[in-house]
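Undergrad: next one to model:
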Amino acid sequence: MAKSGSSKGMVPEARDALDRFKMEAASEVGVNLKQGYNGDLTARQAGSIGGQMVKKMIESYERNMK
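TA: Residues are numbered from 1 along each chain as shown. Below is the predicted model of the structure:
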């Protein structure tokens, strides 16, 4: 995956975990995300991946609050 500006200081293990999480979310919403460049995705596809990631993070947080 392309490196984003917001993850410059990220430890490699965290980057790897985030990349796996992103690939899992993409798979769940039916978007074919590949390693490396993904600039050919539509805004809708990219947004659906991000939205799925947020949804899963909120669900995880709510489970852990109990």
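Undergrad: point out where the chain drops to low pLDDT.
TA: Judged by pLDDT under 70, the chain has its weakly predicted residues at 1-7.
Undergrad: where exactly do the helices run in it?
TA: Using DSSP state H, the helices of the chain run over 12-28, 43-65.
Undergrad: ok now the last one, how far from the chain's centre?
TA: Taking Cα atoms, centre = their mean, to the nearest Å, the mean C-alpha location of helix 43-65 is offset from the chain mean by 9 Å.
Undergrad: other SSEs contacting that helix?
TA: Contact here means 3 or more Cβ pairs under 8 Å, 6 or more residues apart in numbering; DSSP states H and E; on that basis helix 43-65 packs against helix 12-28. Every residue, glycine included, has its C-beta placed from N, CA and C.
Undergrad: which positions in the helix it packs on come out as buried?
TA: For helix 12-28, the buried set under the neighbour-count rule, 16 or more other Cβ atoms under 10 Å, comprises 22-23, 25-26.
Undergrad: and the spatially most central residue of the chain, how far from Met65?
TA: With distances taken as Cα atoms, centre = their mean, the chain has Lys22 as the residue nearest its mean C-alpha position (2.6 Å). Applying Cβ to Cβ, to the nearest Å, the value for Lys22 to Met65 is 24 Å.
Undergrad: and if you look at Glu59?
TA: When distance is defined by Cβ to Cβ, Glu59 is 11 Å away from Met65.
Undergrad: can you redo the helices of the chain as a markdown table with distance to Gln35?
TA: Converted to a markdown table, the helices of the chain look like this (distance: least, Cβ to Cβ, whole Å):
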| stretch | distance to Gln35 |
| --- | --- |
| helix 12-28 | 8 |
| helix 43-65 | 14 |
